[in-house]
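>>> this one's sequence-less:
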C-alpha cells in the first residue's frame, strides 16, 4: 500500500466519523459510560487495596525474647529475623519502652498500682516483625520458630487469612467487571460500524467489484472505530477525575473520622489515560474488524444485497 493510498484511507476514516456524527456521538457516549464505570471501579478497588495494605502492615508478629538472653544473642536473633525471606521489616522493642507505652494506656491510678507492685519490668525484650506477603504467613512463622532464645510468638493467623481472601475476592470482581464492560464496548462499536457499512453497502460492493483488497476497504472503518475510542478515552478520564474529586469532597468528614486518606488521583492519571486510550482504540478497532469481517468475506454482489 502506497503512502498516498494510506493517506486517502485515513482521510476517509475521519470523513466517515463526521458524516455519521450522530451515530458516532451515540457510540462515544456509550463507550464513555463503560470507561467511566471502569475508571470509578478501578479507583474504588485501588483505595480498598491501599486500605488492606495498611491493615497488613499492622498485622505484625511479635517475637518475645527469653529472659536471660545475652545482648549478643539478641543482636544475632535480629539479624536472623532480617535474613528470613518473607520478612519486610524488623524492629527491636526494649522492655522498658514497651512497659512505658503499656502504662500510658492505663488510667493514672491503675498505672501507679502496677508500678508499686514490683520494681522489675514484667515484660521481655521483643522484636516486631512485619511480614511482606501474607500468603506466605504460615511458612514465615515456621521459619521464625526455628530460631533460638525465643520465649513466645504472638501472631494473628486468622486475620492474615481473611485479608488474603478479601484481596483475592476484590481481584476477581475487578476482572469480571472490566471483562463485561469491554465486551459491551466492543458490541456497541460493532453495531455502529455495522450501520455505517449498511449505509455504504453499494460503495463497498463497487470497490470490491473493481478489485479493492479487504485491507483497503476495511481500513477507513478501523480508523473510524479508533477515533471513536480515542475521543471516548480522553473525555472519560476527565469525567472519572471529576467524579472522584467530588466523592472525596463529599466523604471528607467521614474519611477524617476514620483516619483514612484517599489515594490522590494524580498518581494514577497518566496510567489511567493510557489504559483508557488503549482500551478505546482496541475496542474501536476490534469492533470494526469483527463487523467488517462478516462482510468482506463475501462477494460484492452479496454485500449489495444486505
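Cool, the structure landed. All values derive from a computational prediction rather than experimental measurement. Numbering: from 1, shown residues only.

>>> What are the buried residues along stretch 243-257?
244, 248 (16 or more other C-beta atoms under 10 Å). C-beta coordinates here come from the backbone N, C-alpha and C atoms, glycine included.

>>> How far away from the center of its chain is that stretch?
20 Å (C-alpha atoms, centre = their mean, to the nearest Å).

>>> avg pLDDT for that stretch?
Per-residue pLDDT over stretch 243-257 has a mean of 84.

>>> cool, stretch 179-186 as well?
pLDDT averaged over stretch 179-186 gives 76.

>>> again with stretch 205-215
In this model, stretch 205-215 has a mean pLDDT of 73.

>>> swap in stretch 285-304?
59.

>>> so how far is residue 232 from residue 217?
Distance, residue 217 to residue 232, by C-beta to C-beta, to the nearest Å: 24 Å.

>>> More neighbours: these two, which one.
residue 232 (30 against 21; other C-beta atoms under 10 Å).

>>> doesn't the more buried one fall inside a strand?
No. Per DSSP: H, G, I helix; E, B strand; the rest coil, residue 232 lies outside any strand segment and is helix.

>>> Can you tell me the closest non-neighbouring residue to it?
Take residue 232 and drop its neighbours on the chain: the residue closest to it by C-beta to C-beta, 6 or more residues apart in numbering is residue 31, 4.1 Å away.

>>> Now do the helix or strand containing the one you found: which elements does it pack against?
Following DSSP states H and E, one finds residue 31 within helix 21-58. Contacts defined by 3 or more C-beta pairs under 8 Å, 6 or more residues apart in numbering; DSSP states H and E place helix 21-58 against helix 157-199, helix 214-250, helix 266-296.

>>> Go through the ones you listed and name the closest to residue 123.
Judged by C-beta to C-beta, the one of the helices and strands packed on helix 21-58 that comes nearest to residue 123 is helix 157-199, at 22.9 Å.

>>> helices or strands next to the closest one in the packing?
helix 21-58, helix 137-145, helix 214-250, helix 266-296.
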